[in-house]
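Participant: coords please:
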Amino acid sequence: MIPLAEARAHVLAGCAQLPDVRVPLAEALGAVLARPVVSAELVPPFANTGMDGFAVQASDTVGASESAPVVLSVVGTVRAGMSGVDSPVGPGDAARIMTGAPIPPGADAVVMVERTRDLGDGWVSVNLEVAPGTHVRPAGDDVRVGDVVAPEGTVLTAGHLGVLATVGMTEVEVVGRPLVGVLSTGDELVADGRPLAPGQIRDSNRLSLLALLRSSGYEVVDLGLVADDEAAIEAALVQGAAACDALVTSGGVSMGDFDYVKVVLDRIGRMRWMQVAIKPAKPLAFGTIERADGRTVPVFGLPGNPVSSMVSFELFCRPGLRRMSGRADTDLDRPRVRAVLDAPFARRADGKVHFARVVCRFDESDGRYHAASAGSQGSHQLTAMAGADGLAELPDGPSLDEGATVPILLLDSALGL
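Facilitator: Below is the predicted model:
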C-alpha cells in the first residue's frame, strides 16, 4: 500500500492547468481569473444620491430644526437616469431627487425626504441641518480609473461578477474548466428500472459521479453504460478522450481484477494502478491518454463500491479537476474543521487511514464542531453516505473514544456550505 499523500501527489502532478479561455461574464461564476481586471471607468460614474430627498446647498440649512425649519424653492425633480434639472440649484433652492439620481449642479448635500415637508406651490420646508457631502456618493467613490478590481487568480463569485459588470466587462479571461466524461462498464450493471436478473446490480455510481461533478461546477458528458466488450470499451474511452478534458470511470481497479477497462487503459494510456493506505477507496487508478492533438487527458479510475467511489472522488478526482481549473494548492479540497466525536468509533490498526461517514453540527455552548456516525460504514452501504455531511479522518491505530478530536472533511451539505 502507498500513503495517501503519495497517491494525491501523483494524481495532482498529472492534472495540468487548462489553457485560458474568454467566456461571457454570465458564465464565469466559479472560474479562476487568468488576468487581472483593471478598471477604465469610475464607479459610480457621476456624483449621485444615496437617499430620496432634496438636493440643496448645505449652507442654506444652517440652523434648520423641527422648531425652526428652512423654506426653500423647489426648482425641479431629478430621477435616476436623468442628467439633471433644467436650472442649477442656487442659494435658497432645492431639487427633489430620487436614490441613484445625479446631484444637480450647485447642490452639495441631500436632505432625506423624512426631514422635509412639501408645502405645495413649489416650496419645501427642511427641518434638519446637513453638512456638505451628506448622502452624496462622489464619482469614483467605489472604483477609480486604474484600480485592479479583480487580481489574477481570483475565484469569481457573484460579487466579483457584479463588480466586473459595473466597470463595463461583458467577457472575461479565465482558466478553462474541464469538460468531464463519466463511464460505467460491466455486464452486471443495469441502468434502468427493469427487474434484476440473478447476479445483476443497478448502476448507481455513474449517476452519483455525474451529480458530484455538476455540483462541483463542471460540465459533464455521460458516456453511458458499456458492456464488458473490449472493443466497445476502447471505442467509448477513445471517443471520450477526444471530446473531454478528463475521464472518470468506476470499477475494475482492484489488483485482482482482470477487467477490460484495465486492459484497454493499459494499452491506450499511461496508467498507474495503486493500492492506497485508506479505507474505504483503497484501489485507485490514475493516468493519462494522449489525444491526437497533443493534449493530455487525465483518467481517474475509481473503485466500484459506491461509497468507495464517492470517497475516492473527494480525495483525488475533485482536487485534480480543481488543479486543472487553476485553483491554488490551498484551495483544492473542501473545507476542513476539527470536530469532537460524540460517540466512540471502533477500528483496529491496519496501516490505513479510515474515512468515516459522519453527521456534523456546531455546538454554540462550547464553540466546537461535533460529529457522530451517519450509519453503517461498509463501502457498499450507500445510505450512510447519503446521510453524511462530512468525512471523519481517523488515523491508523486503535478505536477512538467519545470526546476524541479528529479532522473532518465537510461535504456539500455540511453546515450550509
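Participant: buried set for the longest strand along the chain?
Facilitator: Secondary structure of the chain per DSSP state E: the longest strand is strand 353-363. Neighbour counts over strand 353-363 (16 or more other C-beta atoms under 10 Å) mark 353-361 as buried. (Glycine included, C-beta is placed from N, CA and C.)
Participant: check stretch 238-248 too.
Facilitator: Going by neighbour count (16+ other C-beta under 10 Å), the buried part of stretch 238-248 is 240-241, 244-248.
Participant: could you dump it to PDB, C-alpha only?
Facilitator: Taking Å, rounded to 0.1, in the frame of the first residue of the first chain, the C-alpha atoms of stretch 238-248 are listed here in PDB:
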ATOM      1  CA  VAL A 238     -11.200   6.900 -27.200                       C
ATOM      2  CA  GLN A 239     -14.300   8.900 -28.100                       C
ATOM      3  CA  GLY A 240     -14.500  10.300 -24.500                       C
ATOM      4  CA  ALA A 241     -10.800  11.300 -24.500                       C
ATOM      5  CA  ALA A 242     -11.300  13.100 -27.900                       C
ATOM      6  CA  ALA A 243     -14.300  15.100 -26.600                       C
ATOM      7  CA  CYS A 244     -13.400  15.700 -23.000                       C
ATOM      8  CA  ASP A 245     -10.700  17.200 -20.900                       C
ATOM      9  CA  ALA A 246     -10.800  14.400 -18.200                       C
ATOM     10  CA  LEU A 247     -12.400  11.000 -17.900                       C
ATOM     11  CA  VAL A 248     -13.800   9.200 -14.800                       C
END
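Participant: can you list contacts of it?
Facilitator: The contact list for stretch 238-248, computed with C-beta atoms under 8 Å, 6 or more residues apart in numbering, reads 15, 18, 176, 178-183, 209, 213, 221, 223, 237, 268, 289, 291-292, 295, 297-300, 302, 313, 317, 320-321, 324.
Participant: check stretch 184-199 too.
Facilitator: By C-beta under 8 Å, 6+ apart, the surrounding residues in contact with stretch 184-199 are 200-203, 205-206, 224-228, 233, 249-252, 259-261, 304.
Participant: apply 7 Å and report the result again.
Facilitator: 200-203, 205-206, 225-228, 233, 250-252, 260-261 (C-beta atoms under 7 Å, 6 or more residues apart in numbering).
Participant: off-centre distance for it?
Facilitator: Relative to the chain's own centre, stretch 184-199 is displaced by 35 Å; criterion: C-alpha atoms, centre = their mean, to the nearest Å.
Participant: can you flag the buried ones in the contacts of stretch 184-199?
Facilitator: Among the contacts of stretch 184-199, those classed as buried by neighbour count (16+ other C-beta under 10 Å) are 203, 205-206, 225-226, 233, 250-252, 260-261.
Participant: report the lowest-confidence entry in the residues you listed.
Facilitator: pLDDT is lowest at residue 252 among the buried ones among the contacts of stretch 184-199; the value there is 76.
Participant: ok but that one is inside a strand, no?
Facilitator: No: assignment of residue 252 by DSSP: H, G, I helix; E, B strand; the rest coil gives coil, placing it outside any strand.
Participant: please name the nearest non-neighbouring residue to it.
Facilitator: residue 259 (3.3 Å; C-beta to C-beta, 6 or more residues apart in numbering).
Participant: residue 84 too?
Facilitator: residue 104 (4.6 Å).
Participant: go on, residue 407?
Facilitator: residue 393 (4.4 Å).
Participant: coming back round to it: residues touching the longest strand of the chain, excluding its own?
Facilitator: Against strand 353-363 from outside (C-beta under 7 Å, 6+ apart): 4, 277-280, 311, 339, 345, 347, 369-375, 377, 384-385, 387-396, 408, 410, 414-415.
Participant: filter those to the buried ones?
Facilitator: For the contacts of strand 353-363, buried by 16+ other C-beta under 10 Å: 4, 277-280, 311, 339, 345, 347, 369-375, 377, 384-385, 388-394, 408, 410, 414.
Participant: can you give me the strands in the stretch 101-250 of the chain?
Facilitator: 109-112, 116-120, 123-126, 136-137, 148-150, 171-175, 179-185, 189-190, 201-202, 219-226, 246-250 (DSSP state E, counting those that start in this stretch).
Participant: most tightly packed of the ones you listed?
Facilitator: Neighbour counts (mean count of other C-beta atoms under 10 Å) averaged over each of the strands of the stretch 101-250 of the chain peak at strand 246-250, with a mean of 28.
Participant: now do that strand against strand 219-226, angle only.
Facilitator: Counting by axes from the mean of the first three to the mean of the last three C-alpha atoms, to 10 degrees, strand 246-250 lies at 40 degrees to strand 219-226.
Participant: chain center to strand 246-250, what's the gap?
Facilitator: For strand 246-250, the distance to the chain centre is 22 Å (C-alpha atoms, centre = their mean).
Participant: tell me which strands it pairs with, and in which orientation.
Facilitator: strand 179-185 (parallel), strand 296-302 (parallel) (DSSP bridges).
Participant: where does the stretch 151-300 of the chain have low pLDDT?
Facilitator: 255-258 (pLDDT under 70).
Participant: which residues in it form helices?
Facilitator: Ranges of helices in the stretch 151-300 of the chain, per DSSP state H, counting those that start in this stretch, are 158-166, 205-215, 230-243, 260-268.
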